[in-house]
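Colleague: Sequence and predicted structure, then a few things I'm wondering about:
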Amino acid sequence: MEGGADPDSEPYQPRTPTTPKTPTFPQPSVPVASSSPVHSISTTLAPSAAISGSILTSPSFTGAGGHFMYPPGMYSQLPPQIPLPTASGQVVSLETLSNQIFTLSQCVMGLSQKVSDNQRLFEENIRLKDIVIDLEFKLKDANDRVKSIDVLRESMTAQFAELNKSLQNGSRLETMMSVPESSPEGAGVYEEGGGYESVLNITNSSEPFQSDLLMPEKGTLNLQNREMTVIPDDVYKLNDPELLQNLVGSDDDLKWWETEPIAKLYLCSNKISMITPAIAGLNSLTLLDLRDNQIESVPDELSQLEVLVRLELSHNKLTSLPNTLGQALQHISLNNNNFEVMPPAISSLRALQTLDMRENRLTGLGELPCCLQSLVVDDNKLTTLHLENHQSLTAVTATNNVITSCRVGNLPLLKVLSVRVNKIEFLEPIINCPVLGEILVGKNLINNLDFVVSCADTLTVLDCSDNKISVLPESIISMSKLKRLDVSNNDLNNLPPQLALMDDLNSLAVEGNPLRAIRREIIAKGTVAIKEYLQLKLSPEDVEVSGPTIPDIQPDEIMLQTKTLEVDRKTTFSDELWDQALVCGIVRLSMQHCGLTVIPEQVVNLRGCLQELELGSNNLHQLPPEIGKLVKLRKLNLLNNNLKELPAECSSLVALEDLNLGQNKFEEIPECLYSFPAVCNLIISNNQIKSVEPAKLRTMTSLVCLDLENNNLGRLPPELSLIPNLRTLLVLGNRFKIPRADVLAKGSAEVLAWLKNKVPQS
């Protein structure tokens, strides 16, 4: 075909061959991008540039819509040959024209994308310029600081050079230097704003101590790390006004009457072997630091330092202390010495708060001061640790001893107990320690966790690693605040699924146990993976232990504040009342004189919070098995009912401390009571009990009070006196004749002593 027409298209054949005309075709509907410069093109095209062989060679064309120019860069993207109509009037087909328009629109869309990319690059360039400017400012600031440090370093170098020059010339040292912050361990006594900021440093230890170097301007003298073998005599006389007047002389900057009595004396890290009685002259001392020396004895005159608050004597060779010490002492450090017994003077210190006796040879503690707060006796030779009735003690650490017997109780402020690395086989239940948060008993010989049940509500850390524990009780879920549990390297064969319900537990160490049900790869992944695995093992009953759904209602302000619900002498209880009890999380519920024959099922719904339950003076003939779900219960009052027995499920009440079963119809002590490790007070008076079993009662190691009055006991076994912590035994109103009434009238102490004398000697 002539003129470069599309070879695939059929040429148009006019009806009148003599007069060819160019027909007008309908405008094709071709989708074109909105950004395209081509909006409409007629089927009649006229060339606007040179055409050779009907091939377009110019980047423009003219159509019915006007004159169109190809954008820069677009012309190169067009097909190499685009057929156009020639001067003779030949035209392209509609399909070909549509393809050309579509090609043009695609090019325009590509150009639009490039414009958008260029805009983003421009914005990114601006952002990077801002970052560079900010970094330049920071670099400039850093350079300024470096210059300041260099200036300060040069100034300090000059000062030290001047100081060394004055020392070499033997001149009087007049420069007062502040104590370095990196003082030796335990020296944390450099108090800001305390009036003792300036310290005299005696650095020339190679020459005899010269009194004219003393300048106690602010009451603090630092002679640490001077390799001194004796304390210079003039140090003992620092509070002598005549000596001070001679020392100061006519110095215009310091008047002797402006000096303060010496209050803090640092003599640590020397080679001092003795302290002379002249120490009594420093009766204004509040701190005496003699750590890291070779002192073997301390003079009695040390007791004359009546205002001494802190005494540091660690890392010496002491075996004893004076019989009396200053009553103002609050902190004593005696670690790393040779003490074999606790110094008797310690027990009489009424203000003592912290006592550090680490790394000695102690075999016993003796009597401790009443106000002691922190006791550290690690790395000794202690065989027993019995701490009871210390009202101020907050922390006890007795790691790495040879303790075989440990009894801790009635310590209302105790927060931390550490007895790791000992030989404890049986740890007696920890009772009456309401704020105890951390128990560390790793590396012992313990085989159960009964000792923690009474403090389960407050525990946050429990370390029982490297023991012989074979079972974790399901009641461990009652430790609602527990955050870290370490039971690694024990004899556990399985883990209770209830661990998955402990939301606060974020660290669980169980490696080193013969666990069969949990794969090693799960254990290796850590706490989250273990809890997810245990979650799958929970039964519906297990999930229910976590407590019922809390209703979404406004809590009662009074109930929320008191945590108590009392409905004594009422016979009906609305659902709204129980919902309020659940929302407020009541701790105490009293339902006495209500004529109850069964315990309302809503009581069990309070298992997540209830600690005291008063059900006295009702008509209960039995308790439901669900009573065992009240695992947080500490006090249970069932006085004056018609009970003859207790369900076996009661053995789950491991936190129970006070149990009143008086005025019922028991003929023997219920068997489940012997499983209560935390019971302190057991009242079972006014029943029909005929005999007791001392051997079983002796397993109740926390039992302090046992009331068996008004029963049918025909004999009082002497072995009752062997119950470990029993202090009160009430047995009046029984059938036995021995001991006689006159012995019983003298009280529990006399009765227990009488029974103990009757115990057969093995």
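Modeller: Perfect, thanks for sending it. Residues are numbered from 1 along each chain as shown.

Colleague: Please determine how far the nearest residue to G733 once chain neighbours are set aside is located from L128.
Modeller: Excluding its sequence neighbours, the residue lying closest to G733 (C-beta to C-beta, 6 or more residues apart in numbering) is N710, at 3.7 Å. All C-beta spots, glycine's among them, are computed from the backbone N, C-alpha and C. Plainly put, N710 is 93 Å away from L128 if you go by C-beta to C-beta, to the nearest Å.

Colleague: Neighbour count for those two, which is higher?
Modeller: N710 (18 against 10; other C-beta atoms under 10 Å).

Colleague: Pretty sure the more buried one sits in a helix.
Modeller: No. Under DSSP: H, G, I helix; E, B strand; the rest coil, N710 sits outside any helix and is assigned coil.

Colleague: Which parts of the stretch 401-550 of the chain are strands?
Modeller: Secondary structure of the stretch 401-550 of the chain, counting by DSSP state E, counting those that start in this stretch: strands at 405-409, 416-418, 426-427, 438-440, 461-463, 484-486, 507-509.

Colleague: With mean neighbour count and distance to I231 as added columns, please give the ones you listed in JSON lines.
Modeller: Listed next are those as JSON lines, based on neighbours: other C-beta atoms under 10 Å; distance: least, C-beta to C-beta, whole Å:
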{"stretch": "strand 405-409", "mean neighbour count": "21", "distance to I231": "42"}
{"stretch": "strand 416-418", "mean neighbour count": "19", "distance to I231": "37"}
{"stretch": "strand 426-427", "mean neighbour count": "22", "distance to I231": "47"}
{"stretch": "strand 438-440", "mean neighbour count": "20", "distance to I231": "41"}
{"stretch": "strand 461-463", "mean neighbour count": "20", "distance to I231": "44"}
{"stretch": "strand 484-486", "mean neighbour count": "20", "distance to I231": "48"}
{"stretch": "strand 507-509", "mean neighbour count": "18", "distance to I231": "50"}
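
Colleague: Tell me, how many residues neighbour the closest residue to P277 other than its chain neighbours?
Modeller: Spatial nearest neighbour of P277, excluding adjacent residues (C-beta to C-beta, 6+ apart): E301 at 4.3 Å. Using other C-beta under 10 Å, E301 is surrounded by 17 other residues.

Colleague: Please apply the same query to L121.
Modeller: Other residues close to L121 by other C-beta under 10 Å number 10.

Colleague: and it, helix, strand or coil?
Modeller: helix.

Colleague: How about the one 10 residues further on?
Modeller: Assigned with three-state DSSP, I131 falls in the helix class.

Colleague: Report the separation between it and I231.
Modeller: 63 Å.

Colleague: ok, back up a step: for the strands of the stretch 401-550 of the chain, which one sits closest to I530?
Modeller: strand 507-509 (5.7 Å; C-beta to C-beta).

Colleague: What lies in contact with the closest one?
Modeller: S465, K483, R484, L485, D486, V487, S488, L499, T527, I530, K531 (C-beta atoms under 8 Å, 6 or more residues apart in numbering).
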